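A.B. asks: let's see this in three dimensions:
(chains A, B, C, D and E)
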Amino acid sequence: MRIVKGRHPPGTAPGTLPSQDAAAGPVRARIITFDAAEISDANLLDPEGLEAVRDGLSAWLDIEGHDVQLIAALGSRLEVHPLALEDVLHVGQRPKIEDYEESLFMVLDHFSTTADGDLEKEQISLVLQPGLVLSVRERASELFAPVRQRLEGGRGRIRTSGAGYLAYALIDTVIDHVFPVLEGIGDTLEELEASILENPTSDDLGSLHEVKRRLLLLRKSMWPLRDMLRNHILLESPLFEPETRLFLRDAADHATIAVDIIETYREMVASLNDLYLTNISIRANEIMKVLTVIATIFIPLSFIAGVYGMNFDPAAGPWNMPELAWPWGYPMALAVMALVACGLVIFIWRRRWL
Amino acid sequence: MRIVKGRHPPGTAPGTLPSQDAAAGPVRARIITFDAAEISDANLLDPEGLEAVRDGLSAWLDIEGHDVQLIAALGSRLEVHPLALEDVLHVGQRPKIEDYEESLFMVLDHFSTTADGDLEKEQISLVLQPGLVLSVRERASELFAPVRQRLEGGRGRIRTSGAGYLAYALIDTVIDHVFPVLEGIGDTLEELEASILENPTSDDLGSLHEVKRRLLLLRKSMWPLRDMLRNHILLESPLFEPETRLFLRDAADHATIAVDIIETYREMVASLNDLYLTNISIRANEIMKVLTVIATIFIPLSFIAGVYGMNFDPAAGPWNMPELAWPWGYPMALAVMALVACGLVIFIWRRRWL
Amino acid sequence: MRIVKGRHPPGTAPGTLPSQDAAAGPVRARIITFDAAEISDANLLDPEGLEAVRDGLSAWLDIEGHDVQLIAALGSRLEVHPLALEDVLHVGQRPKIEDYEESLFMVLDHFSTTADGDLEKEQISLVLQPGLVLSVRERASELFAPVRQRLEGGRGRIRTSGAGYLAYALIDTVIDHVFPVLEGIGDTLEELEASILENPTSDDLGSLHEVKRRLLLLRKSMWPLRDMLRNHILLESPLFEPETRLFLRDAADHATIAVDIIETYREMVASLNDLYLTNISIRANEIMKVLTVIATIFIPLSFIAGVYGMNFDPAAGPWNMPELAWPWGYPMALAVMALVACGLVIFIWRRRWL
Amino acid sequence: MRIVKGRHPPGTAPGTLPSQDAAAGPVRARIITFDAAEISDANLLDPEGLEAVRDGLSAWLDIEGHDVQLIAALGSRLEVHPLALEDVLHVGQRPKIEDYEESLFMVLDHFSTTADGDLEKEQISLVLQPGLVLSVRERASELFAPVRQRLEGGRGRIRTSGAGYLAYALIDTVIDHVFPVLEGIGDTLEELEASILENPTSDDLGSLHEVKRRLLLLRKSMWPLRDMLRNHILLESPLFEPETRLFLRDAADHATIAVDIIETYREMVASLNDLYLTNISIRANEIMKVLTVIATIFIPLSFIAGVYGMNFDPAAGPWNMPELAWPWGYPMALAVMALVACGLVIFIWRRRWL
Amino acid sequence: MRIVKGRHPPGTAPGTLPSQDAAAGPVRARIITFDAAEISDANLLDPEGLEAVRDGLSAWLDIEGHDVQLIAALGSRLEVHPLALEDVLHVGQRPKIEDYEESLFMVLDHFSTTADGDLEKEQISLVLQPGLVLSVRERASELFAPVRQRLEGGRGRIRTSGAGYLAYALIDTVIDHVFPVLEGIGDTLEELEASILENPTSDDLGSLHEVKRRLLLLRKSMWPLRDMLRNHILLESPLFEPETRLFLRDAADHATIAVDIIETYREMVASLNDLYLTNISIRANEIMKVLTVIATIFIPLSFIAGVYGMNFDPAAGPWNMPELAWPWGYPMALAVMALVACGLVIFIWRRRWL
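C.D. replies: Residues are numbered from 1 along each chain as shown, chains lettered A, B, ... in the order given. As a prediction, this is how the structure comes out:
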């Protein structure tokens, strides 16, 4: 979970794009043009593909993976500001919205749980221009497949409300993906709570720490995301139809719910941490009590036995361990031990250590 | 206490209603139409029931339980926005108010304590339109019975001040129900405090954690509820008569008191937690002191007894345990032990361990 | 220290007054009318008493104790809003100011220390109307006696500046009463600090917890009180003469000082709590050190003594405890013990446990 | 470090001055009148001294010590509001600025370290009127001597920029005095850090607590002081020349730096507190480890020795301690002990306790 | 890491410059004049060098090291306000921007990691005037070399956009240098996390404390730096071309990311601290368990052995230790011990201590 990602060396000119990362996965680029009546879907190989966009149609350029050359070419053709292009390709941005006169530039974070339970973060960049949405993702995935299906299904507002509504649909999809992640964390917390209340183990501590880290990471993204959705730049942009603003408000509401859940989980984690620590103290206490009870009772008894194990010669004088020669010496010694033990047990009992 | 409830899969079109939950309880729907002079009360089976609402009368549609079909039909007939309808049926919303031009949509949380002491949360949705209030609850209950009785009693402002005042009465009822819950938590805290100050048990810790969780849940609802009641959307809406605004301010005041109490309880829980932890440390300390005192006194004594229990043969030489043969050897050994014990007791006494 | 007081059952109509509490103490009601030239003072038995208020005079109705009937009658005669009247009689309100067109309604909290050292809170309600102040207290006391004396003394601004200044004088008196309470808490904190630094006892912990509770209670009242005094409703009300506003600012300043002191004390309590916990850990550590030193030195010595206390028969073979028969066996054993003890003492010394 | 100082009893009329404190130290009062060309310096015995102030000259009345009579007379002559005069003489105000039409009233806190290392707080009151500054301090000191020297030196802005700049110079001097105090605290913190990291002692804890208290006290003064210097009352007052505002901004900047340092120190103290506590736990742990190692190894060995110290009579039967009579019994017993000890040492080694 | 640096003694006149620090390193001063077409670079020995700046060219005066005389001369020639000059030479300012009519004065903090891993802070002062940037650093370094190279390279906006863009480029360079420092801290945190989760050592605690200190220092600079970059003084200054504002927004965005990372790291440090403490408690617990198990089992056994080691004379009476003479006495005693040991092992097993 590196937080500071590889950046340009300090002093590099702003707007400098990174060089193509050879290790990057396959890149898919697709252009979908649509209006209420028709829809077409094609691969996008180079900026020439943009010529398919006729007046009156809306276009969605969906790029999965960082093909630096293609993105630079598209950016130049669409007149995307170099600073925005730089942010598209340098992941590690915080969710934000920026107003570049004719276009809006948005950065979102998409969270998912990988197959082996790790939390994965992906930066989604959106450029919204009149009649056009450009979305760039870090890698190929099925994230936006449901939106494409709704587009192709041809029903509902998504075909008739233009690029603004399409951008909303993409934002909404990204936000909605945080809830399954939160649900998974909630499940973990419930298991942890049961385990810590009953029998805290050392593993619970590691899990708790891991949950804390994930919540920290989620929080770092969801707070600015929520603020972005309430930003007046978004709410007052003419790029969204008035009708669409109700939907953006709904998306902001979802982001707020996610933030609330994250904060609540954070407090739960803190509370579980306290519980864990206190439970360990209680257990240490109980162990200590047992040790003390055993030691308190038997150490004096052992001392008495030790005294009568001394080898002073009774023959040397009348005061030299005369008890050893008493006919009832041994029973008496045992009786004294029993008395002492009883006294100590009562003492312990009164202090409620048992 | 799941926080993230079953939601649509990400990417679902906004405004999609859930399918009817077969396991849901019985549904009751009722329509009450009234003005200062007359009142009628009927079951509401389908939107046709709305035709009973004549001009000049106010209507209250009270639906207990999620009958998806009925609510969808009513929503469409009353032109409730699909996003609002979706929120009505997807519980897990945070309290909020939304302005849809001709109507206000409000979400509240109603808290109650179940028979076995659990905290139960129910989402209450209100749609306020000119002359009409639609209230939807999660399940059938007597929550709004007192309001209905006041309506039927026919006395007071509730019959003469229209739908706005009725909406206020419902909100006020929901808020007032949080106080018995808080009272119960206050009682628990007082018992816990007495128990922790006197004799902290492991159960207290679980109770404290449970109280913390409940306060977290209450807080998560009451803060936005308070904000909602102070929201300018509410305070400036023409759907409320000017006179009613004083009452809304009073309801906001109640919500603020509830928030204050929750925050105060949260601090008390934190303080009790500290107290618990410190008390455990103190007790551990006392146990440790006893163990140390016993061990400190008896371990050296046992050592002395051990020395004189050695079997060196006095006959082998004059330096081989000549004490054993001294006439006063045994009393002397006992005296040495007594001296050592006294010295240790004084040492311990000076350190104030007793 | 119940925080949630007996409230109406949820759903009760707003403005409903409680029934007379039979257990309430004696009620005193007094009407003082004054201008710069004359002053008269009479008992107030019923609203008819209000007829004594002639034009141009200011009146102060001072009611000590909750006489529900009298207050209801006065409220109706003075046209106090039912919601305000309800708040007057339902103690447990938070300090607030409410604007009811022609009149201001204020709730304050008065704190005092009872004879047995408890913190007592009393709700003071003020209704300010042109030329009239109505003050209602929970019980009869000498709280406002100094103000009455200043009025009767006839000197100074209080006789010439009308009802607004009188209301200020009452507010100022209530606020000033919090300082002796804070002074008492400050004294307790100083004693606790000395005790905790020197020799923390279990009682200190209870005292600290009690101080924390009181500060919590005071804070819950003083924050809203301070906000109330800075509220534009108060500062812009025509019910106060411009001259009086400087005095209200001074009262707000006092409330701010009280809030500052409360916050500082809260931090001190937190700091003392840390100190207590750390001191306990240190003491536990010291006890543990002594135990460890004693045990570390004597357990090995006792083992050596135990070895030579074994009863193997030297006669059975040359390797069976030949030491026992050596002429210098015993001194040698003692020497070995002394060596071991020295080694351990040095080991312990190096670890700085002594 | 009393926080609540002796105040008037509650209910006292506002503006009442305290009676002269017989125990107060000597009082010095001085009047300096100056313009760019000339400067004169005289003792100020009574308000008649004010007649020395001619038109066009600026005057600085500097009173060291609370001479109630003189201050009351000057206040009345200069028409200082009674509430301001009360605050001048009742120390324990928080830093603030108050606007009384023709004049500004300011309260500052001056901090110094006494010879024996205590933190001392002194309230400085300033009244600024056109052409006149009145400064009142709690006791005679050389605090404002450098300002007087700059005035007398006659160089620079201080002689030409009037009373407003002089007031700034006094404020700046007071603020600058907090830095040596902070420097002292910083030195203490560094020493504490070294000591706690290396070998935490019980004294460190007391020092840390003392530092915490001082920072609390400083913070309580410096936050409102910073706010006061950013207050629009100050920044927009016509009593300051436009040129002087840049200097006030500089003073506000210094106050902000002081606040930043205080907050940073507070975090450092918290961090050192954690470090201390953790270090104590670590040390307790190490001591516990040694105890456990010693006890774990020797208790079983002592048991074996104890077994062979039992006095069962081998002659009573073949199974009665035949080992005692074996020729190799003793070496065998020692070998068993050595084996057990080795096993335990390996067990302990594996658990990394050494 | 001194926070309060050597300042003037309190009362010194504002704008007083410090005397030349003899121990300061070498000073380099350079003047670069450029426009889109040409660029020249020269050493700057005294203010006469400024005559090289012709109309229409932009100039960058870059001074590395505090040459008081040169800076004073330049300041006087460029009409920099004395207060700004004082701040240039008194390091320890917080990042800020100040508006002096014709010019902007900015203070930044540059962070770097020294060769031996320490965190080093350097104050960078910028004065921006129409067509001129004056930058003053604490010591000679290659910090601004990339900017100079971009200038000399002659490509891009930096040559054509004037002094405002150059100032931005310097600010951006300084901000970008914080990321390698943060990356280093992130690496340390990851190592610490691995170490603490697996096997916490005492060194980890010191490292954690050191990281906490560094984050505190970074935070103290980066928060005001971020605020400075969002300050309306900066954003509305006519000294920046409209085009450049997008770049300033980008720099503010970088500062915000840095602040976010710092806050996230601070939470991680807090979480690691908790983890450390809990892990120590767990380990102490485990050690305690082993001690208790050993002691609980062997102390009773030793007592039994001790009893049969007593020397009561069986010949003195039939009740005096008759067991000693039983033929099966010894096996019986061993059997009793084995039984007791088994019982205790079962008891311990049930309590899950093994």
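A.B. asks: need the contact list for residue A:220.
C.D. replies: When contacts are counted by Cβ atoms under 8 Å, 6 or more residues apart in numbering or on different chains, residue A:220 touches A:94, E:260, E:264. Using the backbone N, CA and C atoms, a C-beta is placed for each residue, glycine as well.
A.B. asks: need phi/psi at the residue of the stretch 101-250 of chain A found nearest chain B.
C.D. replies: Distances between the stretch 101-250 of chain A and chain B by Cβ to the nearest Cβ are smallest at residue A:146, namely 2.8 Å. Main-chain dihedrals, residue A:146, degrees, to the nearest 10: phi -60, psi -40.
A.B. asks: please tell me how far it sits from residue A:109.
C.D. replies: From residue A:146 across to residue A:109, the span is 19 Å (Cβ to Cβ, to the nearest Å).
A.B. asks: look at these two and report which has more neighbours.
C.D. replies: residue A:109 (23 against 18; other Cβ atoms under 10 Å in any protein chain shown).
A.B. asks: isn't there a helix covering the more buried one?
C.D. replies: No - counting by DSSP: H, G, I helix; E, B strand; the rest coil, residue A:109 falls outside a helix, being strand.
A.B. asks: out of everything not next to it in sequence, what's closest to it?
C.D. replies: Spatial nearest neighbour of residue A:109, chain neighbours left out: residue A:221 (3.9 Å); criterion: Cβ to Cβ, 6 or more residues apart in numbering or on different chains.
A.B. asks: how deep is the one you found tucked in, by neighbour count?
C.D. replies: 22.
A.B. asks: quick check: the residue of the stretch 101-250 of chain A closest to chain B vs chain D, distance?
C.D. replies: 47 Å (Cβ to the nearest Cβ, to the nearest Å).
A.B. asks: same thing with residue A:166?
C.D. replies: Per Cβ to the nearest Cβ, residue A:166 is found 47 Å from chain D.
A.B. asks: please apply the same query to residue A:238.
C.D. replies: As judged by Cβ to the nearest Cβ, residue A:238 and chain D stand 37 Å apart.
A.B. asks: picking up where we left off before, name the element the residue nearest to the residue of the stretch 101-250 of chain A closest to chain B when sequence neighbours are not counted belongs to?
C.D. replies: By the measure of Cβ to Cβ, 6+ apart, the closest residue to residue A:146 outside its immediate chain neighbours is residue B:11, 2.8 Å from it. Residue B:11 belongs to no helix or strand when assigned by DSSP states H and E.
A.B. asks: so who does residue A:56 touch?
C.D. replies: residue A:35.
A.B. asks: residue A:134 against residue A:78, yeah?
C.D. replies: Yes - taking Cβ atoms under 8 Å as the definition, residue A:134 is a contact partner of residue A:78 at 6.7 Å.
A.B. asks: common neighbours of the two, please.
C.D. replies: residue A:127.
A.B. asks: between the two, who's got more neighbours?
C.D. replies: For the pair residue A:134 and residue A:78, the greater number of neighbours falls to residue A:134 (25 against 17), based on other Cβ under 10 Å.
A.B. asks: rewinding a little: residue C:186: which of the contacts of residue A:220 is nearest?
C.D. replies: Top of the list for closeness to residue C:186, among the contacts of residue A:220 and by Cβ to Cβ, is residue E:264 at 39.5 Å.
A.B. asks: average model confidence for the longest helix along chain A?
C.D. replies: In chain A, taking DSSP state H as the definition, the longest helix is helix A:242-307. Taken as a whole, helix A:242-307 has an average pLDDT of 91.
A.B. asks: tell me the angle it makes with helix E:242-307.
C.D. replies: Relative orientation of helix A:242-307 versus helix E:242-307 (axes from the mean of the first three to the mean of the last three Cα atoms, to 10 degrees): 20 degrees.
A.B. asks: now the strands: where do they sit in chain A?
C.D. replies: For chain A, the strands defined by DSSP state E cover A:28-34, A:39-43, A:58-64, A:96-100, A:103-113, A:119-129, A:132-137.
A.B. asks: what's the closest of those to residue D:59?
C.D. replies: Closest among the strands of chain A, using Cβ to Cβ: strand A:96-100, at 56.1 Å.
A.B. asks: what residue in the stretch 1-150 of chain A comes nearest to chain E?
C.D. replies: Counting by Cβ to the nearest Cβ, the stretch 1-150 of chain A gets nearest chain E through residue A:11, at 2.8 Å.
A.B. asks: how about low-confidence regions in chain A?
C.D. replies: A:1-6, A:22-24, A:354 (pLDDT under 70).
A.B. asks: does chain E sit close to the longest helix of chain A?
C.D. replies: Yes - interface with chain E: helix A:242-307 contributes A:273, A:276-277, A:280-281, A:283-284, A:286-288, A:290-291, A:294-295, A:298-299, A:301-302, A:305-306 (Cβ under 8 Å from any Cβ of the partner chain).
A.B. asks: how about the residue in the stretch 201-350 of chain A positioned nearest to chain E, phi and psi?
C.D. replies: Nearest residue of the stretch 201-350 of chain A to chain E, counting by Cβ to the nearest Cβ: residue A:327, 2.9 Å away. Dihedral angles of residue A:327 (phi, psi; degrees, to the nearest 10) stand at phi -60, psi -30.
A.B. asks: tell me how many other residues surround it.
C.D. replies: Neighbour count for residue A:327, taken as other Cβ under 10 Å: 15.
A.B. asks: for it, list the residues it contacts.
C.D. replies: Residue A:327 neighbours (Cβ under 8 Å, 6+ apart): E:316, E:317, E:318, E:319, E:320.
A.B. asks: if you set the cut-off to 7 Å instead, what comes out?
C.D. replies: Contacts for residue A:327 (Cβ atoms under 7 Å, 6 or more residues apart in numbering or on different chains) come out as E:316, E:317, E:319, E:320.
A.B. asks: ok, residue A:42 next?
C.D. replies: A:31, A:49, A:52 are the contacts of residue A:42 under Cβ under 7 Å, 6+ apart.
A.B. asks: who is it paired with across the strands?
C.D. replies: Counting by DSSP bridges, residue A:42 forms beta bridges with residue A:31.
A.B. asks: next, the buried residues of stretch A:298-306.
C.D. replies: By neighbour count on 16 or more other Cβ atoms under 10 Å in any protein chain shown, the buried set for stretch A:298-306 is A:298, A:299, A:300, A:301, A:302, A:303, A:304, A:305, A:306.
A.B. asks: what sits up against it?
C.D. replies: A:333, A:336-337, A:340-341, B:294-295, B:298, B:301-302, B:305-306, B:309, E:299-300, E:302-303, E:306-307, E:309-310.
A.B. asks: what's the neighbour count on the residue of the stretch 1-150 of chain A closest to chain E?
C.D. replies: Residue A:11: 21 neighbours (other Cβ under 10 Å).
A.B. asks: and residue A:51, by the same measure?
C.D. replies: Neighbours of residue A:51 (other Cβ under 10 Å): 7.
A.B. asks: how about residue A:350?
C.D. replies: Neighbours around residue A:350, by other Cβ under 10 Å: 8.
A.B. asks: how about residue A:181?
C.D. replies: The burial count for residue A:181: 19, using other Cβ under 10 Å.
A.B. asks: domain ranges for chain A, per the record?
C.D. replies: A:28-279, A:282-350 (automatic domain parsing).
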